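In: structure here, sequence nowhere to be found:
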(Lines give C-alpha, C1' and ligand atoms only; values in the text may rest on other atoms or scores of the structure.)
Protein backbone atom coordinates (compact mmCIF):
# COMPACT_ATOMS: atom_id res chain seq x y z
CA UNK A 1 0.00 0.00 0.00
CA UNK A 2 1.45 3.39 -1.01
CA UNK A 3 0.48 6.80 0.35
CA UNK A 4 1.71 10.15 -0.99
CA UNK A 5 3.55 12.45 1.38
CA UNK A 6 4.80 15.88 0.26
CA UNK A 7 5.47 14.77 -3.33
CA UNK A 8 7.34 11.68 -2.11
CA UNK A 9 6.06 8.17 -1.54
CA UNK A 10 5.70 6.65 1.90
CA UNK A 11 5.59 2.86 1.66
CA UNK A 12 3.62 1.16 4.41
CA UNK A 13 5.12 -2.23 5.13
CA UNK A 14 3.62 -3.15 8.53
CA UNK A 15 0.71 -2.02 10.69
CA UNK A 16 3.18 -0.07 12.83
CA UNK A 17 4.08 2.07 9.81
CA UNK A 18 0.49 3.31 9.73
CA UNK A 19 0.82 4.75 13.26
CA UNK A 20 1.81 8.40 12.79
CA UNK A 21 2.42 11.07 15.49
CA UNK A 22 -0.25 13.76 15.49
CA UNK A 23 2.27 16.55 14.87
CA UNK A 24 3.28 14.87 11.58
CA UNK A 25 -0.16 13.72 10.52
CA UNK A 26 -1.36 17.17 9.44
CA UNK A 27 1.15 17.36 6.58
CA UNK A 28 0.36 13.78 5.54
CA UNK A 29 -3.34 14.64 5.37
CA UNK A 30 -2.68 17.79 3.33
CA UNK A 31 -0.73 15.73 0.80
CA UNK A 32 -3.79 13.51 0.37
CA UNK A 33 -6.04 16.56 0.02
CA UNK A 34 -3.95 17.90 -2.83
CA UNK A 35 -4.74 14.63 -4.62
CA UNK A 36 -8.47 15.23 -4.10
CA UNK A 37 -8.93 12.66 -1.34
CA UNK A 38 -11.82 12.92 1.13
CA UNK A 39 -10.64 12.61 4.76
CA UNK A 40 -12.63 10.67 7.38
CA UNK A 41 -11.82 10.59 11.12
CA UNK A 42 -12.92 8.33 13.98
CA UNK A 43 -11.87 8.86 17.60
CA UNK A 44 -12.12 6.72 20.72
CA UNK A 45 -10.35 4.47 23.23
CA UNK A 46 -10.69 1.12 21.40
CA UNK A 47 -9.45 -0.81 24.43
CA UNK A 48 -10.92 -4.10 23.25
CA UNK A 49 -11.50 -4.20 19.49
CA UNK A 50 -14.75 -6.09 18.81
CA UNK A 51 -17.24 -6.61 16.00
CA UNK A 52 -19.01 -3.35 16.80
CA UNK A 53 -15.75 -1.48 16.19
CA UNK A 54 -15.09 -3.42 12.99
CA UNK A 55 -18.51 -2.57 11.56
CA UNK A 56 -18.19 1.06 12.73
CA UNK A 57 -14.82 1.54 11.02
CA UNK A 58 -15.97 -0.30 7.92
CA UNK A 59 -18.94 2.07 7.62
CA UNK A 60 -16.71 5.06 8.29
CA UNK A 61 -14.35 4.06 5.47
CA UNK A 62 -17.27 4.20 3.04
CA UNK A 63 -17.72 7.90 3.87
CA UNK A 64 -14.48 8.90 2.13
CA UNK A 65 -11.12 7.94 0.69
CA UNK A 66 -8.73 8.10 3.67
CA UNK A 67 -9.74 6.79 7.12
CA UNK A 68 -7.82 8.06 10.16
CA UNK A 69 -8.43 6.73 13.66
CA UNK A 70 -7.21 8.67 16.69
CA UNK A 71 -7.10 6.99 20.10
CA UNK A 72 -6.97 8.39 23.62
CA UNK A 73 -3.61 7.91 25.33
CA UNK A 74 -3.38 5.80 28.48
CA UNK A 75 -3.20 8.75 30.91
CA UNK A 76 -6.58 10.11 29.84
CA UNK A 77 -8.64 6.89 29.81
CA UNK A 78 -11.12 7.21 32.68
CA UNK A 79 -12.43 3.67 32.61
CA UNK A 80 -11.60 2.45 36.10
CA UNK A 81 -8.81 0.37 37.66
CA UNK A 82 -6.66 -1.67 35.32
CA UNK A 83 -7.88 0.26 32.28
CA UNK A 84 -6.96 0.48 29.56
CA UNK A 85 -6.30 -3.24 29.25
CA UNK A 86 -3.94 -2.60 26.36
CA UNK A 87 -1.47 0.34 26.31
CA UNK A 88 -1.93 2.98 23.65
CA UNK A 89 0.82 1.75 21.32
CA UNK A 90 -0.74 -1.74 21.24
CA UNK A 91 -4.25 -0.37 20.70
CA UNK A 92 -2.91 1.75 17.86
CA UNK A 93 -1.24 -1.21 16.19
CA UNK A 94 -4.35 -3.39 16.51
CA UNK A 95 -6.44 -0.76 14.70
CA UNK A 96 -3.74 -0.14 12.10
CA UNK A 97 -3.83 -3.85 11.21
CA UNK A 98 -7.35 -3.37 9.79
CA UNK A 99 -7.12 -3.04 6.00
CA UNK A 100 -9.55 -0.14 5.68
CA UNK A 101 -7.77 2.00 8.32
CA UNK A 102 -5.16 4.17 6.61
CA UNK A 103 -3.58 5.93 9.60
CA UNK A 104 -3.75 5.77 13.40
CA UNK A 105 -2.57 8.48 15.77
CA UNK A 106 -2.42 8.74 19.57
CA UNK A 107 -3.99 11.81 21.19
CA UNK A 108 -2.33 12.87 24.46
CA UNK A 109 -5.14 14.77 26.16
CA UNK A 110 -8.76 14.50 27.30
CA UNK A 111 -10.44 15.92 24.18
CA UNK A 112 -10.58 15.09 20.47
CA UNK A 113 -10.69 18.79 19.51
CA UNK A 114 -6.92 19.17 18.92
CA UNK A 115 -7.10 16.22 16.49
CA UNK A 116 -10.07 17.80 14.74
CA UNK A 117 -8.23 21.12 14.43
CA UNK A 118 -5.10 19.39 13.14
CA UNK A 119 -6.71 17.04 10.62
CA UNK A 120 -9.83 19.09 9.70
CA UNK A 121 -11.73 15.99 8.50
CA UNK A 122 -14.35 16.20 5.81
CA UNK A 123 -16.36 13.65 7.79
CA UNK A 124 -16.18 12.92 11.53
CA UNK A 125 -17.81 9.58 12.33
CA UNK A 126 -19.26 8.55 15.71
CA UNK A 127 -21.29 5.54 16.79
CA UNK A 128 -25.05 5.61 17.17
CA UNK A 129 -24.77 5.62 20.97
CA UNK A 130 -23.55 9.25 20.69
CA UNK A 131 -26.38 10.44 18.44
CA UNK A 132 -28.79 11.54 21.19
CA UNK A 133 -27.38 14.76 22.71
CA UNK A 134 -29.47 14.26 25.87
CA UNK A 135 -27.44 11.15 26.66
CA UNK A 136 -24.07 12.88 26.24
CA UNK A 137 -22.86 13.16 29.85
CA UNK A 138 -19.61 14.81 28.78
CA UNK A 139 -21.06 17.61 26.67
CA UNK A 140 -18.17 17.04 24.28
CA UNK A 141 -20.12 15.80 21.25
CA UNK A 142 -21.65 19.21 20.59
CA UNK A 143 -18.22 20.85 21.00
CA UNK A 144 -16.74 18.35 18.56
CA UNK A 145 -19.56 18.96 16.08
CA UNK A 146 -18.91 22.71 16.22
CA UNK A 147 -15.18 22.17 15.64
CA UNK A 148 -15.81 19.88 12.66
CA UNK A 149 -18.31 22.26 11.08
CA UNK A 150 -15.99 25.22 11.68
CA UNK A 151 -13.53 23.58 9.31
CA UNK A 152 -16.20 22.79 6.72
CA UNK A 153 -16.75 19.15 7.68
CA UNK A 154 -19.78 17.22 8.85
CA UNK A 155 -20.58 14.68 11.57
CA UNK A 156 -22.03 11.28 10.66
CA UNK A 157 -23.35 8.56 12.99
CA UNK A 158 -23.01 4.92 12.00
CA UNK A 159 -25.97 2.60 12.55
CA UNK A 160 -24.92 -1.00 13.01
CA UNK A 161 -24.33 -3.59 15.71
CA UNK A 162 -22.92 -2.02 18.88
CA UNK A 163 -21.16 -3.40 21.93
CA UNK A 164 -19.57 -1.78 24.97
CA UNK A 165 -15.90 -2.60 25.48
CA UNK A 166 -16.32 -1.93 29.20
CA UNK A 167 -19.25 -4.36 29.44
CA UNK A 168 -17.33 -7.07 27.59
CA UNK A 169 -14.24 -6.54 29.75
CA UNK A 170 -16.25 -6.52 32.97
CA UNK A 171 -18.14 -9.71 32.05
CA UNK A 172 -15.59 -11.82 30.27
CA UNK A 173 -12.09 -10.71 31.27
CA UNK A 174 -10.75 -11.30 34.77
CA UNK A 175 -9.26 -7.81 35.20
CA UNK A 176 -10.24 -7.13 38.82
CA UNK A 177 -9.08 -8.73 42.05
CA UNK A 178 -11.74 -11.13 43.44
CA UNK A 179 -12.97 -8.80 46.25
CA UNK A 180 -13.45 -5.91 43.83
CA UNK A 181 -14.97 -8.15 41.16
CA UNK A 182 -17.52 -9.52 43.64
CA UNK A 183 -18.29 -6.06 45.01
CA UNK A 184 -18.90 -4.60 41.55
CA UNK A 185 -21.08 -7.54 40.59
CA UNK A 186 -23.16 -6.94 43.72
CA UNK A 187 -23.52 -3.24 42.83
CA UNK A 188 -24.59 -4.13 39.30
CA UNK A 189 -27.13 -6.55 40.75
CA UNK A 190 -28.66 -3.69 42.71
CA UNK A 191 -28.79 -1.56 39.53
CA UNK A 192 -26.75 1.10 41.33
CA UNK A 193 -25.45 3.09 38.35
CA UNK A 194 -28.41 5.44 37.93
CA UNK A 195 -28.61 5.96 41.69
CA UNK A 196 -24.92 6.91 41.82
CA UNK A 197 -25.15 9.31 38.88
CA UNK A 198 -28.23 10.96 40.40
CA UNK A 199 -26.38 11.28 43.71
CA UNK A 200 -23.46 12.99 41.97
CA UNK A 201 -25.87 15.40 40.28
CA UNK A 202 -27.79 16.07 43.51
CA UNK A 203 -25.03 18.18 45.10
CA UNK A 204 -24.75 20.75 42.31
CA UNK A 205 -26.63 23.49 44.17
CA UNK A 206 -25.21 22.77 47.62
CA UNK A 207 -23.44 25.67 49.31
CA UNK A 208 -20.16 24.37 50.72
CA UNK A 209 -17.85 25.97 53.28
CA UNK A 210 -14.38 24.48 53.70
CA UNK A 211 -12.25 25.31 56.74
CA UNK A 212 -8.68 24.10 57.03
CA UNK A 213 -4.97 24.65 56.71
CA UNK A 214 -3.65 26.24 53.52
CA UNK A 215 -0.55 24.36 52.38
CA UNK A 216 1.88 24.97 49.54
CA UNK A 217 3.09 21.70 48.04
CA UNK A 218 6.46 22.45 46.48
CA UNK A 219 7.70 19.69 44.16
CA UNK A 220 11.38 19.97 43.25
CA UNK A 221 12.61 17.45 40.68
CA UNK A 222 16.20 16.25 40.84
CA UNK A 223 18.43 13.71 39.16
CA UNK A 224 20.77 11.85 41.47
CA UNK A 225 24.43 11.97 40.47
CA UNK A 226 25.88 9.59 43.06
CA UNK A 227 27.79 9.91 46.31
CA UNK A 228 29.68 13.11 46.93
CA UNK A 229 33.44 12.62 46.57
CA UNK A 230 34.25 14.22 49.93
CA UNK A 231 31.09 13.79 52.01
CA UNK A 232 28.84 10.90 53.01
CA UNK A 233 25.85 12.22 51.11
CA UNK A 234 24.15 11.83 47.74
CA UNK A 235 24.54 14.66 45.25
CA UNK A 236 21.75 15.55 42.83
CA UNK A 237 21.14 17.88 39.91
CA UNK A 238 18.13 20.22 39.95
CA UNK A 239 15.81 19.65 36.97
CA UNK A 240 12.63 21.57 37.66
CA UNK A 241 9.99 22.75 40.10
CA UNK A 242 6.21 22.79 40.41
CA UNK A 243 4.29 24.71 43.05
CA UNK A 244 0.77 23.59 43.95
CA UNK A 245 -1.89 24.98 46.26
CA UNK A 246 -2.52 22.04 48.58
CA UNK A 247 -4.32 21.47 51.86
CA UNK A 248 -7.78 23.00 52.04
CA UNK A 249 -7.34 24.69 48.63
CA UNK A 250 -6.79 21.35 46.89
CA UNK A 251 -9.82 19.89 48.69
CA UNK A 252 -11.91 22.90 47.63
CA UNK A 253 -10.85 22.44 44.00
CA UNK A 254 -12.05 18.84 44.09
CA UNK A 255 -15.49 19.67 45.46
CA UNK A 256 -15.75 22.73 43.19
CA UNK A 257 -16.09 20.38 40.23
CA UNK A 258 -19.35 19.08 41.70
CA UNK A 259 -20.85 22.02 43.62
CA UNK A 260 -21.23 25.53 42.20
CA UNK A 261 -20.98 27.58 45.40
CA UNK A 262 -17.75 27.08 47.36
CA UNK A 263 -16.23 29.18 50.12
CA UNK A 264 -12.95 28.67 51.97
CA UNK A 265 -11.72 29.99 55.30
CA UNK A 266 -8.04 29.59 56.05
CA UNK A 267 -4.97 31.43 57.31
CA UNK A 268 -1.76 32.33 55.52
CA UNK A 269 1.46 33.92 56.72
CA UNK A 270 2.56 37.44 55.94
CA UNK A 271 6.07 36.13 55.34
CA UNK A 272 6.40 33.87 52.29
CA UNK A 273 2.62 33.99 51.95
CA UNK A 274 2.36 32.47 48.45
CA UNK A 275 -1.01 34.21 48.28
CA UNK A 276 -0.72 34.86 44.55
CA UNK A 277 -0.09 31.15 43.93
CA UNK A 278 -3.05 30.17 46.10
CA UNK A 279 -5.41 32.53 44.31
CA UNK A 280 -4.11 31.47 40.91
CA UNK A 281 -4.70 27.78 41.61
CA UNK A 282 -8.16 28.14 43.20
CA UNK A 283 -10.99 27.46 40.73
CA UNK A 284 -13.22 30.35 39.69
CA UNK A 285 -16.26 29.29 41.73
CA UNK A 286 -14.30 29.37 45.01
CA UNK A 287 -14.52 32.41 47.28
CA UNK A 288 -11.36 32.63 49.40
CA UNK A 289 -11.26 34.14 52.90
CA UNK A 290 -7.56 34.17 53.83
CA UNK A 291 -6.70 35.55 57.25
CA UNK A 292 -3.15 36.94 57.22
CA UNK A 293 -1.07 36.16 60.30
CA UNK A 294 2.05 38.16 61.11
CA UNK A 295 5.34 36.60 62.07
CA UNK A 296 4.93 33.28 60.29
CA UNK A 297 5.03 31.80 56.77
CA UNK A 298 2.28 29.98 54.93
CA UNK A 299 2.94 26.29 55.56
CA UNK A 300 5.05 24.90 52.72
CA UNK A 301 6.05 21.27 52.24
CA UNK A 302 8.95 20.91 49.84
CA UNK A 303 9.28 17.42 48.40
CA UNK A 304 12.32 16.37 46.42
CA UNK A 305 11.50 13.82 43.74
CA UNK A 306 13.25 11.81 41.09
CA UNK A 307 12.98 13.44 37.70
CA UNK A 308 10.91 10.85 35.81
CA UNK A 309 7.46 10.17 34.36
CA UNK A 310 6.36 8.57 37.66
CA UNK A 311 8.46 10.57 40.14
CA UNK A 312 9.47 8.87 43.38
CA UNK A 313 9.72 11.05 46.46
CA UNK A 314 13.15 11.14 48.11
CA UNK A 315 12.58 13.35 51.18
CA UNK A 316 10.71 16.48 52.24
CA UNK A 317 11.29 19.68 54.21
CA UNK A 318 8.59 21.56 56.15
CA UNK A 319 8.52 25.36 56.38
CA UNK A 320 5.92 26.27 59.01
CA UNK A 321 5.11 27.81 62.37
CA UNK A 322 2.30 25.96 64.13
CA UNK A 323 2.51 27.76 67.47
CA UNK A 324 -0.86 29.08 68.70
CA UNK A 325 -2.04 32.34 67.14
CA UNK A 326 -2.72 35.40 69.23
CA UNK A 327 -6.18 35.99 70.72
CA UNK A 328 -7.07 38.67 68.17
CA UNK A 329 -6.41 36.49 65.11
CA UNK A 330 -8.06 33.48 66.72
CA UNK A 331 -11.19 35.54 67.41
CA UNK A 332 -11.18 36.84 63.82
CA UNK A 333 -11.08 33.29 62.41
CA UNK A 334 -13.74 31.96 64.78
CA UNK A 335 -16.08 34.90 64.10
CA UNK A 336 -15.69 34.43 60.35
CA UNK A 337 -16.51 30.72 60.69
CA UNK A 338 -19.58 31.43 62.84
CA UNK A 339 -20.92 33.86 60.22
CA UNK A 340 -20.24 31.74 57.14
CA UNK A 341 -21.04 28.29 58.57
CA UNK A 342 -24.59 29.29 59.38
CA UNK A 343 -25.17 30.06 55.68
CA UNK A 344 -23.66 26.80 54.33
CA UNK A 345 -25.45 23.53 53.62
CA UNK A 346 -22.27 21.57 54.39
CA UNK A 347 -19.14 22.52 56.33
CA UNK A 348 -16.07 20.49 55.41
CA UNK A 349 -13.11 20.63 57.77
CA UNK A 350 -9.67 19.55 56.55
CA UNK A 351 -7.53 19.77 59.67
CA UNK A 352 -3.85 19.02 58.97
CA UNK A 353 -2.84 19.96 62.51
CA UNK A 354 -0.76 22.99 61.54
CA UNK A 355 -2.32 25.46 63.95
CA UNK A 356 -5.58 26.66 62.39
CA UNK A 357 -8.11 24.49 64.23
CA UNK A 358 -7.97 25.12 67.99
CA UNK A 359 -10.50 24.20 70.73
CA UNK A 360 -12.47 27.43 70.32
CA UNK A 361 -12.63 26.81 66.56
CA UNK A 362 -13.91 23.28 67.12
CA UNK A 363 -16.74 24.53 69.32
CA UNK A 364 -17.60 27.26 66.81
CA UNK A 365 -17.83 24.70 64.02
CA UNK A 366 -20.00 22.34 66.08
CA UNK A 367 -22.35 25.13 67.16
CA UNK A 368 -22.93 26.79 63.79
CA UNK A 369 -22.76 23.99 61.19
CA UNK A 370 -25.91 22.44 59.72
CA UNK A 371 -23.89 19.43 58.55
CA UNK A 372 -20.33 19.09 59.82
CA UNK A 373 -17.92 16.79 57.95
CA UNK A 374 -14.51 16.41 59.56
CA UNK A 375 -11.15 15.08 58.44
CA UNK A 376 -8.41 15.35 61.09
CA UNK A 377 -4.98 14.23 59.96
CA UNK A 378 -1.99 12.88 61.80
CA UNK A 379 1.25 13.53 59.96
CA UNK A 380 4.94 14.20 60.55
CA UNK A 381 4.14 17.88 61.04
CA UNK A 382 1.94 17.33 64.12
CA UNK A 383 3.66 14.20 65.50
CA UNK A 384 0.43 12.42 66.39
CA UNK A 385 -0.99 15.17 68.58
CA UNK A 386 -3.77 15.97 66.13
CA UNK A 387 -6.53 13.40 66.74
CA UNK A 388 -10.11 13.31 65.52
CA UNK A 389 -11.27 13.04 69.13
CA UNK A 390 -10.68 16.80 69.45
CA UNK A 391 -14.16 16.95 67.87
CA UNK A 392 -16.70 15.73 70.41
CA UNK A 393 -19.44 15.81 67.79
CA UNK A 394 -19.77 15.71 63.98
CA UNK A 395 -22.18 14.49 61.29
CA UNK A 396 -19.42 12.72 59.34
CA UNK A 397 -15.82 11.89 60.11
CA UNK A 398 -13.35 10.55 57.58
CA UNK A 399 -9.86 9.44 58.64
CA UNK A 400 -7.34 6.81 57.60
CA UNK A 401 -6.55 3.56 59.40
CA UNK A 402 -3.46 4.78 61.34
CA UNK A 403 -5.41 7.85 62.49
CA UNK A 404 -8.28 5.62 63.64
CA UNK A 405 -5.85 3.43 65.62
CA UNK A 406 -4.27 6.45 67.30
CA UNK A 407 -7.64 7.97 68.18
CA UNK A 408 -8.86 4.70 69.69
CA UNK A 409 -5.54 3.80 71.31
CA UNK A 410 -5.77 0.42 69.59
CA UNK A 411 -2.66 -0.68 67.75
CA UNK A 412 -3.70 -4.19 66.71
CA UNK A 413 -7.51 -4.35 66.61
CA UNK A 414 -9.26 -4.77 63.25
CA UNK A 415 -10.56 -1.57 61.70
CA UNK A 416 -14.25 -2.66 61.80
CA UNK A 417 -13.90 -3.27 65.54
CA UNK A 418 -12.21 0.12 66.04
CA UNK A 419 -15.05 1.85 64.21
CA UNK A 420 -17.98 0.11 65.88
CA UNK A 421 -16.60 -0.44 69.38
CA UNK A 422 -14.37 2.61 69.90
CA UNK A 423 -14.89 5.57 67.57
CA UNK A 424 -18.69 5.50 67.92
CA UNK A 425 -18.22 5.80 71.71
CA UNK A 426 -15.53 8.48 71.58
CA UNK A 427 -17.33 10.82 69.16
CA UNK A 428 -21.01 11.65 68.79
CA UNK A 429 -21.14 10.83 65.09
CA UNK A 430 -23.51 8.57 63.14
CA UNK A 431 -21.38 8.27 59.99
CA UNK A 432 -17.74 7.22 60.00
CA UNK A 433 -15.48 6.35 57.06
CA UNK A 434 -11.97 4.94 57.48
CA UNK A 435 -9.75 4.69 54.42
CA UNK A 436 -7.36 1.76 54.44
CA UNK A 437 -4.96 2.13 51.50
CA UNK A 438 -4.80 -0.92 49.25
CA UNK A 439 -7.58 -2.51 51.35
CA UNK A 440 -10.07 0.13 50.23
CA UNK A 441 -12.26 1.73 52.88
CA UNK A 442 -14.76 0.90 55.61
CA UNK A 443 -17.96 2.96 55.75
CA UNK A 444 -20.24 2.90 58.77
CA UNK A 445 -23.63 4.52 59.31
CA UNK A 446 -25.89 4.09 62.31
CA UNK A 447 -28.86 2.03 61.21
CA UNK A 448 -27.14 1.03 57.96
CA UNK A 449 -24.23 -0.95 59.36
CA UNK A 450 -20.69 -1.39 58.11
CA UNK A 451 -19.65 -1.70 54.47
CA UNK A 452 -16.30 -2.45 52.94
CA UNK A 453 -15.53 -0.97 49.54
CA UNK A 454 -12.41 -2.51 47.93
CA UNK A 455 -9.67 -0.29 46.50
CA UNK A 456 -10.06 0.71 42.87
CA UNK A 457 -6.61 2.10 42.10
CA UNK A 458 -3.71 0.12 40.71
CA UNK A 459 -0.13 1.38 40.32
CA UNK A 460 -0.63 4.84 41.91
CA UNK A 461 1.60 7.63 40.66
CA UNK A 462 1.23 10.02 43.62
CA UNK A 463 -0.85 9.41 46.75
CA UNK A 464 -0.58 13.02 48.04
CA UNK A 465 -4.08 14.42 48.44
CA UNK A 466 -5.92 11.21 47.53
CA UNK A 467 -7.65 11.08 50.91
CA UNK A 468 -8.64 14.74 50.59
CA UNK A 469 -10.23 14.06 47.18
CA UNK A 470 -12.06 11.03 48.61
CA UNK A 471 -13.41 13.05 51.54
CA UNK A 472 -14.23 16.31 49.76
CA UNK A 473 -16.19 14.65 46.95
CA UNK A 474 -18.01 12.22 49.25
CA UNK A 475 -19.07 14.60 52.05
CA UNK A 476 -21.74 16.63 50.22
CA UNK A 477 -23.29 13.42 48.90
CA UNK A 478 -23.72 12.03 52.39
CA UNK A 479 -25.21 15.37 53.45
CA UNK A 480 -27.70 14.95 50.59
CA UNK A 481 -28.93 11.72 52.22
CA UNK A 482 -27.00 9.38 49.96
CA UNK A 483 -26.33 5.99 51.51
CA UNK A 484 -22.93 5.63 53.15
CA UNK A 485 -22.03 2.78 50.78
CA UNK A 486 -22.95 4.72 47.64
CA UNK A 487 -21.17 7.89 48.76
CA UNK A 488 -18.05 5.95 49.79
CA UNK A 489 -18.09 4.17 46.43
CA UNK A 490 -18.00 7.56 44.69
CA UNK A 491 -15.32 8.78 47.11
CA UNK A 492 -13.24 5.69 46.36
CA UNK A 493 -13.50 6.44 42.65
CA UNK A 494 -12.40 10.04 43.27
CA UNK A 495 -9.41 8.85 45.31
CA UNK A 496 -8.48 6.33 42.60
CA UNK A 497 -8.49 9.09 40.01
CA UNK A 498 -6.42 11.38 42.23
CA UNK A 499 -3.56 8.87 42.68
CA UNK A 500 -3.03 9.08 38.93
CA UNK A 501 -2.29 12.83 39.18
CA UNK A 502 1.13 14.18 40.16
CA UNK A 503 0.75 16.68 42.99
CA UNK A 504 -2.25 18.90 42.33
CA UNK A 505 -1.73 19.43 38.61
CA UNK A 506 -5.43 18.71 38.16
CA UNK A 507 -8.41 18.17 40.42
CA UNK A 508 -11.03 15.45 40.20
CA UNK A 509 -13.82 16.57 37.87
CA UNK A 510 -17.43 15.45 37.57
CA UNK A 511 -17.54 14.24 33.96
CA UNK A 512 -14.42 12.01 34.18
CA UNK A 513 -15.71 10.66 37.50
CA UNK A 514 -19.10 9.80 35.98
CA UNK A 515 -17.30 8.04 33.12
CA UNK A 516 -15.12 6.16 35.62
CA UNK A 517 -18.11 4.99 37.67
CA UNK A 518 -20.09 4.11 34.53
CA UNK A 519 -17.25 2.00 33.15
CA UNK A 520 -16.98 0.10 36.44
CA UNK A 521 -20.67 -0.77 36.55
CA UNK A 522 -21.47 -1.45 32.89
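Out: Structure received. Quick caveat, the model's predicted, so the values are computed rather than measured. Residues are numbered from 1 along each chain as shown.

In: what's the neighbour count on residue 192?
Out: Counted with other Cβ atoms under 10 Å, residues neighbouring residue 192 total 20. Where C-beta positions appear, they are placed from N, C-alpha and C, glycine not excepted.

In: and the closest residue in space to it that isn't next to it in sequence, how far from residue 196?
Out: In this structure, residue 192 finds its nearest non-sequential neighbour in residue 521, 6.3 Å apart by Cβ to Cβ, 6 or more residues apart in numbering. For residue 521, the distance to residue 196 equals 8 Å [Cβ to Cβ, to the nearest Å].

In: same deal with residue 90?
Out: Separation of residue 90 from residue 196 (Cβ to Cβ): 31 Å.

In: sorry, back to before: my read is that the residue nearest to residue 192 contacts residue 191, right?
Out: No - Residue 521 lies out of contact with residue 191 (Cβ atoms under 8 Å); the separation is 9.0 Å.

In: and residue 460, what does it touch?
Out: Applying Cβ atoms under 8 Å, 6 or more residues apart in numbering to residue 460 gives the contacts 466, 499-500.

In: now do 7 Å
Out: residue 499 (Cβ atoms under 7 Å, 6 or more residues apart in numbering).

In: secondary structure class for it?
Out: coil (DSSP: H, G, I helix; E, B strand; the rest coil).

In: quick check: closest non-adjacent residue to residue 187.
Out: Distances taken as Cβ to Cβ, 6+ apart place residue 521 nearest to residue 187, at 5.9 Å, with adjacent residues excluded.

In: tell me the pLDDT of that neighbour.
Out: For residue 521, the pLDDT comes out at 89.

In: need the contact list for it.
Out: Neighbours of residue 521 in contact, by Cβ under 7 Å, 6+ apart: 184, 187-188, 192-193.

In: rerun that using 6 Å as the cut-off
Out: Residues near residue 521 by Cβ atoms under 6 Å, 6 or more residues apart in numbering: 187-188, 193.

In: which of those residues ranks first by neighbour count?
Out: Going by other Cβ under 10 Å, residue 187 tops these with 20 neighbours.

In: which parts of the strand or helix carrying that one are buried?
Out: In the assignment (DSSP states H and E), residue 187 maps to helix 178-189. Within helix 178-189, the residues scored as buried using 16 or more other Cβ atoms under 10 Å are 180, 183-184, 187.

In: equivalent analysis for stretch 14-29, please.
Out: 15, 18-20, 22, 25, 28-29.

In: do stretch 145-157 as well
Out: Here stretch 145-157 shows 145, 147-148, 153, 155-156 as buried, counting by 16+ other Cβ under 10 Å.

In: please apply the same query to stretch 230-237.
Out: Quick answer for stretch 230-237 (16+ other Cβ under 10 Å): residue 236.

In: which outside residues touch that stretch?
Out: Against stretch 230-237 from outside (Cβ under 6 Å, 6+ apart): 222-225, 228.

In: for residue 121, state which of the contacts of residue 521 is nearest.
Out: Set against residue 121, the nearest of the contacts of residue 521 by Cβ to Cβ is residue 193 (32.9 Å).

In: so what's that closest one scoring on pLDDT?
Out: pLDDT, residue 193: 92.

In: do the same with residue 170
Out: 65.

In: over to residue 8?
Out: Reading off the model, residue 8 has pLDDT 44.

In: cool, residue 139 as well?
Out: Note for residue 139: predicted pLDDT of 61.

In: just residue 112 next, same as before
Out: Note on residue 112: pLDDT of 86.

In: quick check: residue 247 touching residue 213?
Out: Yes - with contact defined as Cβ atoms under 6 Å, residue 247 and residue 213 form a contacting pair (4.8 Å).

In: of the two, who's got more company?
Out: Remark: of residue 247 and residue 213, residue 247 carries more neighbours, 30 against 25, as counted by other Cβ under 10 Å.

In: excluding chain neighbours, what is closest to that one?
Out: Using Cβ to Cβ, 6+ apart and skipping the chain neighbours, the partner closest in space to residue 247 is residue 215 (3.2 Å).

In: what do you get for residue 188?
Out: Nearest non-adjacent residue to residue 188 (Cβ to Cβ, 6+ apart): residue 521, at 5.6 Å.

In: now that neighbour, what are its backbone angles?
Out: phi -110, psi 10 (degrees, to the nearest 10).

In: and what of residue 275?
Out: phi -60, psi -40.

In: who's in contact with the residue nearest to it when sequence neighbours are not counted?
Out: Excluding the flanking residues, the one nearest residue 275 by Cβ to Cβ, 6+ apart is residue 268, at 5.8 Å. Contacts for residue 268 (Cβ under 6 Å, 6+ apart) come out as 214, 275, 290, 292, 298.

In: contact partners for residue 455?
Out: 438, 440.

In: could you say which helix or strand contains it?
Out: Element membership for residue 455, per DSSP H and E: none, as it lies in no helix or strand.

In: which two in the contacts of stretch 230-237 are spaced the farthest apart?
Out: Longest span within the contacts of stretch 230-237, Cβ to Cβ: 223 and 228, 14.8 Å.

In: can you pull the domain assignment for the chain?
Out: The record's domain split for the chain, according to automatic domain parsing, is 2-172, 197-213+249-291+323-521.

In: can you redo these as a markdown table with distance to residue 307?
Out: A markdown table is the format used below for these (distance: least, Cβ to Cβ, whole Å):
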| stretch | distance to residue 307 |
| --- | --- |
| domain 2-172 | 18 |
| domain 197-213+249-291+323-521 | 12 |
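
In: quick one: contacts for residue 452?
Out: Residue 452 neighbours (Cβ under 6 Å, 6+ apart): residue 442.

In: mind listing what's buried along the helix or strand containing it?
Out: Element membership for residue 452, per DSSP H and E: strand 449-453. Judged by neighbour count (16+ other Cβ under 10 Å), strand 449-453 contains these buried residues: 450-453.

In: where does the prediction get shaky in the protein?
Out: Scanning the chain for pLDDT under 70 picks out the ranges 1-12, 129, 131-139, 160-163, 165-166, 168-175.

In: ok but the residue nearest to residue 247 is inside a strand, no?
Out: Yes - secondary structure of residue 215 (three-state DSSP): part of a strand.

In: what's the local residue count around it?
Out: 28.

In: the one 10 residues further on now?
Out: When counting by other Cβ under 10 Å, one arrives at 10 neighbours for residue 225.

In: how much space between the closest residue to it other than its chain neighbours and residue 193?
Out: Leaving aside its sequence neighbours, residue 225 sits nearest to residue 235 (Cβ to Cβ, 6+ apart; 4.7 Å). For residue 235, the distance to residue 193 equals 53 Å [Cβ to Cβ].

In: and if you look at residue 93?
Out: Distance from residue 93 to residue 193, by Cβ to Cβ: 33 Å.

In: try residue 39
Out: 37 Å.

In: repeat that for residue 229.
Out: When residue 229 is compared with residue 193 (using Cβ to Cβ), they lie 61 Å apart.

In: where's residue 92 relative to residue 39, distance?
Out: For residue 92 relative to residue 39 (Cβ to Cβ), the value is 18 Å.

In: now residue 305
Out: 43 Å.
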